[in-house]
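S.K.: This is the structure alone, sequence omitted:
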């Protein structure tokens, strides 16, 4: 459980932000004037994350940060796959904090239309189907997601998977 959380804290969380800004949030950022965009980025407590956001807003999925982000997500998917070879949940036979910590990141990949990333990981697909069916997942995530929140991900153009597919194969 601690290893999953460490991977998320140190790598996957930033990967999620990078892929989200390169796709779903980019159109809104590009609509802002350069001054308003910089003012938004200047408010962030992490200058490093502001740098990521600035770069992926400018370059989208062609940003150099995207390849690394996809690699960390692939690592997470590999860990899920390995864990589910011996047990139904990430830390064993029972649902745990490891599963709870990972769910938002797999959900975000799905919302970004990047669920084909786990096509070569059948254990990930099985695990994701299992945790999605849990009443707690429905209550904590799906029933609380507003239409406005979901709308950010509804019509991603261009389809992110087209560019990410090559990065996944390279990872």
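M.R.: Yep, it's here. What you see is a predicted model; the values in this text were computed from it and never measured.
S.K.: Which positions within stretch 73-82 qualify as buried?
M.R.: 73, 74, 76, 77, 78, 79, 80, 81 (16 or more other C-beta atoms under 10 Å). Glycine gets a C-beta too; all of them are placed from N, C-alpha and C.
S.K.: same question, stretch 95-113
M.R.: Under the neighbour-count criterion of 16+ other C-beta under 10 Å, stretch 95-113 has 95, 98-103, 105-109, 111-113 buried.
S.K.: The nearest residue to residue 103 once chain neighbours are set aside: neighbouring residues, count only.
M.R.: Leaving aside its chain neighbours, residue 103 sits nearest to residue 131 (5.9 Å; criterion: C-beta to C-beta, 6 or more residues apart in numbering). Using other C-beta atoms under 10 Å, residue 131 has 21 neighbouring residues.
S.K.: what does the one 10 residues further on give?
M.R.: As a burial measure, residue 141 scores 15 neighbours (other C-beta under 10 Å).
S.K.: neighbouring contacts of the strand or helix carrying residue 39?
M.R.: Assigned by DSSP states H and E, residue 39 belongs to helix 34-42. Applying C-beta atoms under 8 Å, 6 or more residues apart in numbering, the external contacts of helix 34-42 come out as 29, 32, 50, 53, 54, 57.
S.K.: What mean pLDDT does the helix or strand harbouring residue 52 get?
M.R.: Assessed by DSSP H and E, residue 52 sits inside helix 47-59. The average pLDDT for helix 47-59 rounds to 95.
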